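> turn this into a structure:
(one chain, ligands or ions: 1)
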Amino acid sequence: MNAPVSVVATPSASISVRHDWHREEIAALFALPFNDLLFQAASVHRQHFDPNAVQVSTLLSIKTGACPEDCKYCSQSGHYNTELEKEKLMEVQKVLAEARLAKEKGASRFCMGAAWRSPRDKDMPYVLDMVRQVKEMGLETCMTLGMLSGEQAQSLSEAGLDYYNHNLDTSPEYYGKVISTRTYNDRLQTLSHVRDAGMKVCAGGIVGMGEDRKDRIGLLQQLANLPAHPESVPINMLVKIEGTPLADVADLDMFEFVRTIAVARIVMPESFVRLSAGRQEMNDEMQALCFFAGANSIFYGEKLLTTDNPDANHDQQLFQRLGIHPLDPRSECSDEATEEALLESVEAQQRASETAPLYYDANKRAAKHVLNKA
Ligand code: SF4
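As a prediction, this is how the structure comes out:
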């Protein structure tokens, strides 16, 4: 099937940041032949990022289970019997010990997740204390605590929280089939409170929940047409949990997952696209394909809230085999550091050019484009 010319890019094509994506345009990207889509996504990736750097975060569940929401995929929902061991809000000192460990293992960002509909006023002082102290360790901080009021967002921002995670999960049309206890608009409102409070947004979704491609298109359109793109876009593959209503849903074709990553990269060219839940079920080759398609962020560590994640040693080995290095957090916020990283990448490619001159030339052009913009 031929796609409209407007969605086909060359390595040196400039992809601007847009907030007016039509569903038909996103559908045309999804419909591209796989190799054309990956080529375009990888080209966009190289215009905006060092293609061999991956941002690494660690995620800790600070309050587990008994959540009043009914998200049909979630082991932590109190509506389903998943035999998950519930845990109250973790003590601050225990959280700090985990953060220290994460830092030693190379994480640059520490994400803390609580299974709440929204934080209660009595929990806020503890949560704010965690943010302040983790931040003092030199780690970036991220939290996911459910819905936030404007005041709660403001106080988290004042405590030094860098990112707030709140996913849209799926398209507005499919949303009602997955969650009934909060609306799509509730989610958009929380994202808007987070932005108004000056924090960075982490928002993405889950695929493989029985939705159609048009729902994956709808999700990416919602994210890409937000007033500002989320700085971080986690794309999760459903991890099927025994006891949840989605435990027996049909598997999603892995190539469709890679397509979703690639399209997210193209429509949100400056966002970190995170290869998130579901990595445990992916082999190394599949993960490498996702990195090539534009994923440039992962969670390190054995647990992703309550589901398994590849262990850190295996990730380190994979990075080594692929020539990938963990991203220095400086390069996320500093033009100077981005320039440095890109120049380093070009120099590495120059060394490789002795054996692959065409590859080097294409990437030198892409890096120059970014440097010229700065
Ligand atoms: S996804 Fe979050 S809000 Fe939904 S049930 Fe799980 S912990 Fe609760």
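> when you work out contacts or count neighbours from here on, use the C-alpha atoms and nothing else.
Will do.
> so residue 294 makes contact with residue 275?
No. Look at residue 294 against residue 275 with CA atoms under 8 Å: they stay out of range, at 9.5 Å.
> residue numbers of the stretch 201-350 of the chain in contact with the ligand?
Residues of the stretch 201-350 of the chain lying near the ligand by CA under 6 Å from any ligand atom: none.
> tell me the contacts of residue 20?
Residue 20 makes contacts with 224, 225, as judged by CA atoms under 8 Å, 6 or more residues apart in numbering.
> what distance do you get for it to residue 133?
40 Å (CA to CA, to the nearest Å).
> for the residue most central in space within the chain, grab phi and psi.
Taking CA atoms, centre = their mean, the centroid of the chain lies closest to residue 234, which sits 2.3 Å from it. Per-residue torsions, residue 234: phi -70, psi 130 (degrees, to the nearest 10).
> and it, bridged to which residues?
Bridge pairing for residue 234 (DSSP bridges) gives the partners residue 274.
> residue 53 too?
Applying DSSP bridges, one finds that residue 53 bridges with residue 325.
> give the contact list for it.
Taking CA under 8 Å, 6+ apart, we find residue 53 in contact with 296, 324, 325, 326, 327.
> residue 294 and residue 275: which has the busier surroundings?
Taking neighbours as other CA atoms under 10 Å, residue 294 and residue 275 compare with residue 294 leading, 31 against 23.
> so what touches stretch 143-159?
Taking CA under 8 Å, 6+ apart as the rule, stretch 143-159 contacts 111-119, 128-129, 131-132, 161, 163-166, 186-187, 190, 193-194, 197-199.
> next one: stretch 62-75
Contacts for stretch 62-75 (CA under 8 Å, 6+ apart): 76-79, 82, 84-90, 95, 112-117, 178-182, 209, 238-241, 243-247, 306.
> switch to 7 Å and redo it
For stretch 62-75, the external contacting residues (CA atoms under 7 Å, 6 or more residues apart in numbering) are 76-79, 82, 84, 86-90, 112-117, 178-181, 241, 244-246.
> ok, back up a step: hang on, the residue nearest to the centre of the chain packs against residue 276?
Yes. Using CA atoms under 7 Å, residue 234 is in contact with residue 276, at 5.7 Å.
> so which residues of the chain form strands?
53-63, 109-114, 140-144, 163-165, 200-202, 205-207, 232-237, 272-275, 297-300, 303-304, 307-308, 325-326 (DSSP state E).
> now for the fifth one, which elements pack on it?
Under the contact criterion of 3 or more CA pairs under 7 Å, 6 or more residues apart in numbering; DSSP states H and E, strand 200-202 touches strand 163-165, strand 232-237.
> redo that, cut-off 8 Å
In terms of contacts (3 or more CA pairs under 8 Å, 6 or more residues apart in numbering; DSSP states H and E), strand 200-202 is packed against strand 163-165, helix 184-196, strand 232-237.
> return the most buried member of those.
strand 163-165 (a mean of 27; mean count of other CA atoms under 10 Å).
> in its sheet, which strands sit next to that strand, and in what direction?
Under the criterion DSSP bridges, strand 163-165 sits next to strand 140-144 (parallel), strand 200-202 (parallel) in its sheet.
> tell me the mean pLDDT over stretch 72-88?
For stretch 72-88, mean pLDDT is 87.
> try stretch 257-275
Averaged across stretch 257-275, the pLDDT comes to 96.
> number the chain from 35, please
Yep, numbering from 35; the last one is stretch 291-309 now.
> show me where pLDDT drops low in this protein?
35-49, 335-346, 362-408 (pLDDT under 70).
> now do the helices in it.
57-64, 68-82, 126-138, 158-170, 184-193, 206-209, 218-230, 247-258, 288-301, 318-326, 346-356, 364-367, 369-386, 391-407 (DSSP state H).
> thought residue 52 was touching residue 303?
No. Using CA under 8 Å, residue 52 makes no contact with residue 303, being 9.1 Å away.
> domain assignment for the chain?
Taking automatic domain parsing as the domain assignment, the ranges for the chain are 87-367, 368-408.
> residues near residue 153, how many?
Neighbour count of residue 153, defined by other CA under 10 Å: 18.
> if we ignore the residues flanking it in sequence, what's nearest it?
residue 179 (6.1 Å; CA to CA, 6 or more residues apart in numbering).
> where's the one you found relative to residue 308, distance?
Note on residue 179: its distance to residue 308, by CA to CA, is 19 Å.
> who has more neighbours, the two?
Between residue 179 and residue 308, residue 308 has the larger neighbour count (other CA under 10 Å), namely 27 against 20.
> contacting residues for that one?
So residue 308 contacts 266, 267, 268, 269, 329, 330, 331, 332 (CA under 8 Å, 6+ apart).
> run the last query once more with 6 Å
By CA atoms under 6 Å, 6 or more residues apart in numbering, the contact set of residue 308 is 267, 268, 269, 329, 331, 332.
> pick the one among these closest to residue 140.
Using CA to CA, residue 332 comes nearest to residue 140 of the contacts of residue 308, at 12.1 Å.
> now a PyMOL select for only the buried ones of the contacts of stretch 96-109.
Buried residues within these, by 16 or more other CA atoms under 10 Å, are selected in PyMOL with:
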select buried, resi 110+111+112+113+116+123+146+147+148+149+150+151+212+213+275+278+279+280
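> residue 52 and residue 303: which has the busier surroundings?
Neighbour comparison, residue 52 and residue 303: the larger count goes to residue 303, with 24 against 15 (by other CA under 10 Å).
> for that one, phi and psi?
Backbone torsions of residue 303, given as degrees, to the nearest 10, read phi -60, psi -20.
> from the ligand, how far out is it?
With distances taken as CA to the nearest ligand atom, to the nearest Å, residue 303 is found 27 Å from the ligand.
> do the same with residue 307
For residue 307 relative to the ligand (CA to the nearest ligand atom), the value is 20 Å.
> just checking, that residue touches residue 269?
No. Contact between residue 307 and residue 269 fails when scored by CA atoms under 6 Å: they sit 7.1 Å apart.
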